[in-house]
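1. The sequence and its predicted three-dimensional model are supplied below.
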Amino acid sequence: MVNKEEFRRKVILTAGQIFSRYGFRKTTMEEIATALKMGKSSIYYYFDSKEEIFEAIVRNEANILRNELTTAIKSVDSPVDKMKKYVFVRMKSFEKLANYYNAIFDKNLDHFDFIEQIREKYDREELAILRLILYHGSRKNVFSIVNSEYTALAIQTTLKGLEVPLFWKKREVNIESRLNAILDVLFNGILRKQ
């Protein structure tokens, strides 16, 4: 007897690799079935469509990202270290979680309702995490923040702006040095100290 959740998990992991290699449009149910060494009908017993599999994959990767970010933030105490951990883990996780990343940023997938729901949830969660880090930093007199909402939004916008050159161009880019440069501007500004 096949455990339903175990089988769904196997499909999600296997199909996730195929989707991340070929993209949503080019991946077929036949390829997924072949990789799993079974017939398409077996997969259709557990998933109604390729879209449903993709949604399960994206939601799974969203949970992985959320868990990695939470663990990273909890692993350090200082607000500066929390922000650094958040930025590094966030940007490095997107490299590994290709399907989630594509779902969030690929405009060709806009016609799926679940994509917009995931995008909105991701943005809300990210802003909440950033606001929390900023709030704690402000309370500890580490950060000087006039408006945590706007500051969180500015950081989020900066990070989103980095995603395209870091991951879409796939050139040899030193991610660490770029992230450190952004963190330097974030923490120290560009004004000369008097």
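-> Arrived safely.
2. Compute the distance between residue 157 and residue 83, please.
-> From residue 157 over to residue 83 the distance is 15 Å, taken as C-beta to C-beta, to the nearest Å. No exception for glycine: its C-beta is placed from N, CA and C like everyone else's.
3. Tell me where this structure has helices.
-> With DSSP state H as the criterion, the chain has helices at 4-26, 29-36, 40-46, 50-74, 79-96, 98-105, 113-139, 148-163, 175-188.
4. okay, the second one in CSV with CA atoms only?
-> Spelled out, that is helix 29-36. The C-alpha coordinates for helix 29-36 follow below in CSV (Å, rounded to 0.1, in the frame of the first residue of the first chain):
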residue,chain,number,x,y,z
MET,A,29,3.4,15.2,-17.3
GLU,A,30,5.1,12.6,-19.5
GLU,A,31,8.6,13.8,-18.3
ILE,A,32,7.4,13.7,-14.7
ALA,A,33,6.0,10.2,-15.1
THR,A,34,9.2,9.0,-16.8
ALA,A,35,11.4,10.4,-14.0
LEU,A,36,9.2,8.7,-11.4
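5. just checking, what packs against it?
-> helix 4-26, helix 40-46, helix 50-74 (3 or more C-beta pairs under 8 Å, 6 or more residues apart in numbering; DSSP states H and E).
6. mean confidence for that helix?
-> Throughout helix 29-36, pLDDT has a mean value of 94.
7. Please apply the same query to the fifth one.
-> Model confidence over helix 79-96, given as mean pLDDT, is 88.
8. From the contact counts, what lies against it?
-> helix 50-74, helix 113-139, helix 148-163, helix 175-188.
9. Between helix 79-96 and the last one, find me the angle.
-> By that I understand helix 175-188. Angle, helix 175-188 to helix 79-96, by axes from the mean of the first three to the mean of the last three C-alpha atoms, to 10 degrees: 150 degrees.
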